[in-house]
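K.L.:
Coordinates for the following, if possible.
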Amino acid sequence: MIISPSVLSMHYEDFRKELNDLNESVEWIHFDVMDGHFVPNLTFGPAILEAFRRNTSLFLDVHLMVSDPDYFADVFAKAGADSIVFHYEAYNDIEKCSLLIEKIHEKGLKAGISIKPKTTVEEIVPLLDKIDIFLLMSVEPGFGGQKFMSEALDRVAQLKRYKEDHGLNYIIEVDGGVNDENAHELISMGTDALVAGSFVFNGDIKANVEKLRNCG
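P.N.:
The predicted structure follows:
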């Protein structure tokens, strides 16, 4: 099980300590990029990712919640991302998404697609054999600390069935309201990677990560 804490919830006054705790307890760091347009919030630029890259060897999982993912994919690839995940809804076009996935792969990075809760899995089926990561949002994207939408569980099961039936290898990642109360069911349904922000950073990071691991 991959634990990918969302640094949207990190306490930046304690950056060094909290990053040390992450370095000692998790595999990935989840980096939420919001442009204030695709979603109403505004978050990190590439300089922040560069700071993480200088101070960690963890996998940097960049989630683009932006209206122009093609532009930002270039920016964050140069800043040190290991994966670029973007939203289908930024284009609502399979061909455009396919071209960006190909471009991300050409940079030597993992490529992923994400969908909002109201977008069906069926809409993006033609992309599933092209991606490395499927990021399923279990809240409306834009802000941390939201309540988990239980409908995501059926969608995880659907993605797992499709993966197994077609011999695919994409990682099923879930983001939004993840905690030790829903992690067990998410994992049992087929989730491979858990993104957790508020749950991990509110309190003892290592202990909270261990609680998520024990759910497996």
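K.L.:
Could you pull out the helices in the protein for me?
P.N.:
15-23, 46-55, 69-79, 94-106, 152-165, 183-189, 198-201, 205-214 (DSSP state H).
K.L.:
What are the contacting residues of the fourth one?
P.N.:
Right, helix 94-106. Residues from elsewhere that reach helix 94-106 (C-beta atoms under 8 Å, 6 or more residues apart in numbering): 69-70, 73, 77, 84, 86, 88, 91, 110-111, 113, 124, 126-127, 130-131. Every C-beta, even on glycine, is put in place using the N, C-alpha and C of the backbone.
K.L.:
try the second one
P.N.:
The contact list for helix 46-55 (C-beta under 8 Å, 6+ apart) reads 7, 16, 19, 29, 31, 60, 62, 75-76, 78-81.
K.L.:
Out of the residues you listed, give me the one that has the most neighbours.
P.N.:
Compared across these, Val62 has the highest neighbour count, 28 neighbours, by other C-beta atoms under 10 Å.
K.L.:
Grab the nearest non-local neighbour of that one.
P.N.:
In space, and not counting its chain neighbours, Val62 is closest to Ala81: 4.2 Å by C-beta to C-beta, 6 or more residues apart in numbering.
K.L.:
Chain neighbours aside, what residue packs nearest to Val121?
P.N.:
Gln158 (5.3 Å).
K.L.:
Check Phe31 too.
P.N.:
Val62 is the one closest to Phe31 (C-beta to C-beta, 6+ apart), at 4.8 Å.
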